[in-house]
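# Quick check, what structure comes out for this input:
(one chain, ligands or ions: 2)
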Amino acid sequence: MSVVALDLGTSNAVAAVLDGGRPTVVPLLGGALGIPSVVAIDERGRWLVGRDAKAQLLSKPDQTIVAMKTFLGRDADSAAFRVEADELGYGLGPGPNGPMATICGEEISLIEASGLLLRELRGQAQDSLGKVLDGAVLPVPAYFTDEQRQAFADAAYLAGLEKVWVVDETKALSSLLSARRSTPSREEEKTVFLYGLGGGVFDAALLEREERGGLEIVATSGEDLGGSRLDRRIAKHLKTAFWQRYGEEAAITDIGRQRLLEAAEAAKIHLDDEDEAFVSLPCLSNGSDGGPLDLESSLAREDLIRLTGDLILQTVEISRSVLRAAGLDASEIDGVYLYGRAAKSREVQAAIARTFGKPAVRLPDDATALGAAVMAGA
Ligand SMILES: Nc1ncnc2c1ncn2[C@@H]1O[C@H](COP(=O)(O)OP(=O)(O)OP(=O)(O)O)[C@@H](O)[C@H]1O
Ligand SMILES: [Mg+2]
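Ligands and ions are numbered 1, 2, ... in the order given. Below you'll find the predicted structure:
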């Protein structure tokens, strides 16, 4: 059996395998190192998956399914679910087989939608590697419930996989770090802290070196908190600025809302390297005379901190709770590692350096997929 790691992230989906003993991200169509975790229906009623689906998100947010990982296997009747689901551009509600999306009058369960995505990811990985991949290791956040894990497994079986292992992302990362332990400096690390911030998930874990040299997970915690939450905060701020200028009667459509989110994400990433980001969204709405109303705004680093600082603080608090559960002080941690693309943020890096009294090491972008590939090969 050939086993592949399939990391279905909130924003991106990535495949990885062991290549000559080394965990490697599988290059997909066009050399891409992953596909967007997006599924959609086009004009002619055809299903689109990955890059093609993401391409129409801006123009048809009501026909495009995003953030599947946030809702898969969740109780669609709960109040918490509704609050999150109301932020989406497409309709999502309860169904016989878990949360169900309704787009263009078609109903599709999120398990089916995720199955389409995993099928595409697996297919592209098979084409790239030139062999059939019939087993998969799927990393999920350590705090996911059995129902969420089962929904992931069901999606993978729908994608045609014969054998599926759903594993903790933190376990995958500890496998990755353990596999790298030949580096002498790493051997000295007796205690390791993992801080992961992705598109929709925050995960923290404390690991201790066992006698045989591998890393053992001692405590974990996490919650649904990722980069897209930051984007929503920034988008709301931009919308408020727009309404202050033109009044709230300047209606913002679903498309306008999606444009605000994309501009917010771009500004957030820009502010990693620069101190100011300019946002220009021509014709975001129309005036009472039908004329275009443009959004022209700028966002300084201080604005970003003011708008999203509490979310980062929340991740620091969760990190501290993990340390407390393990009975350790931040100063007793030998190695601090960051993973997930949202952990590239300057603010995150600064907050972690302050908390632990030392800079953290950034793991590769797709560390969870790479770690799952180590597990797949074990
Ligand atoms: N340079 C950057 N600075 C800050 N945030 C970034 C940067 N690059 C990407 N991001 C954010 O990282 C998030 C995506 O991260 P990643 O690809 O690791 O998530 P994912 O694996 O899809 O989701 P998850 O693991 O949470 O399920 C997005 O919110 C994106 O805006
Ligand atoms: Mg991820």
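# where does the stretch 151-300 of the chain dip in pLDDT?
181-187 (pLDDT under 70).
# Now with 80, please.
Applying pLDDT under 80 to the stretch 151-300 of the chain picks out residues 180-188.
# Would you mind naming what in it lies close to ligand 1?
Residues of the stretch 151-300 of the chain lying close to ligand 1 (CB under 6 Å from any ligand atom) are 198, 199, 200, 201, 226, 227, 228, 265, 268, 269, 272. From N, CA and C alone the C-beta is placed, and that goes for glycine too.
# Could you report the neighbour count for residue 21?
9 (other CB atoms under 10 Å).
# I meant to write residue 224 there.
For residue 224, the count of nearby residues is 19 (other CB under 10 Å).
# Same question for residue 377.
Should you count by other CB under 10 Å, residue 377 turns out to have 17 residues around it.
# circling back to that earlier point, need the buried ones from the residues of the stretch 151-300 of the chain next to ligand 1 selected in PyMOL.
Buried residues among these (16 or more other CB atoms under 10 Å), as a PyMOL selection:
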select buried, resi 198+199+200+201+226+227+228+265+268+269
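# just the residues of the stretch 151-300 of the chain next to ligand 1 now: which is nearest ligand 2?
residue 198 (3.7 Å; CB to the ion).
# Return the subset of the residues of the stretch 151-300 of the chain next to ligand 1 lying in helices.
227, 228, 265, 268, 269 (DSSP state H).
# now, among those, which is nearest to ligand 1?
Using CB to the nearest ligand atom, residue 227 comes nearest to ligand 1 of those, at 2.1 Å.
# Would you confirm that the closest one contacts residue 341?
Yes. Residue 227 is within contact range of residue 341, at 7.0 Å (criterion: CB atoms under 8 Å).
# intersection of neighbour lists for those two?
11, 198, 199 (CB atoms under 8 Å, 6 or more residues apart in numbering).
# Could you tell me which residues make contact with the last one?
Shown in contact with residue 199 (CB under 8 Å, 6+ apart): 9, 10, 11, 12, 37, 67, 226, 227, 228, 340, 341, 342.
# I'd like to know how far the residue of the stretch 251-378 of the chain found nearest ligand 1 sits from ligand 2.
The nearest approach of the stretch 251-378 of the chain to ligand 1 comes at residue 341, 3.2 Å away (CB to the nearest ligand atom). Relative to ligand 2, residue 341 is positioned 8 Å away (CB to the ion, to the nearest Å).
# Apart from its chain neighbours, what residue comes closest to that residue?
Once flanking residues are discounted, residue 341 sits nearest to residue 365: 6.0 Å by CB to CB, 6 or more residues apart in numbering.
# What about residue 51, how many residues nearby?
Neighbour tally, residue 51, other CB under 10 Å: 16.
# and the protein, what are its domains?
Domains of the chain are assigned by automatic domain parsing as 3-168+372-377, 183-226+312-364, 227-306.
# Please state the offset of the second one from the chain centre?
Once both centres are worked out by CA atoms, centre = their mean, to the nearest Å, domain 183-226+312-364 turns out to sit 17 Å from its chain's centre.
# One more: the last one?
The gap between where domain 227-306 is centred and where its chain is centred comes out at 22 Å by CA atoms, centre = their mean.
# Kindly report the same for the first one.
Using CA atoms, centre = their mean, the distance from the centre of domain 3-168+372-377 to the centre of the chain it belongs to is 11 Å.
# returning to that earlier point: where does the residue nearest to residue 341 land in three-state SS?
Put simply, residue 365 is coil when judged by DSSP: H, G, I helix; E, B strand; the rest coil.
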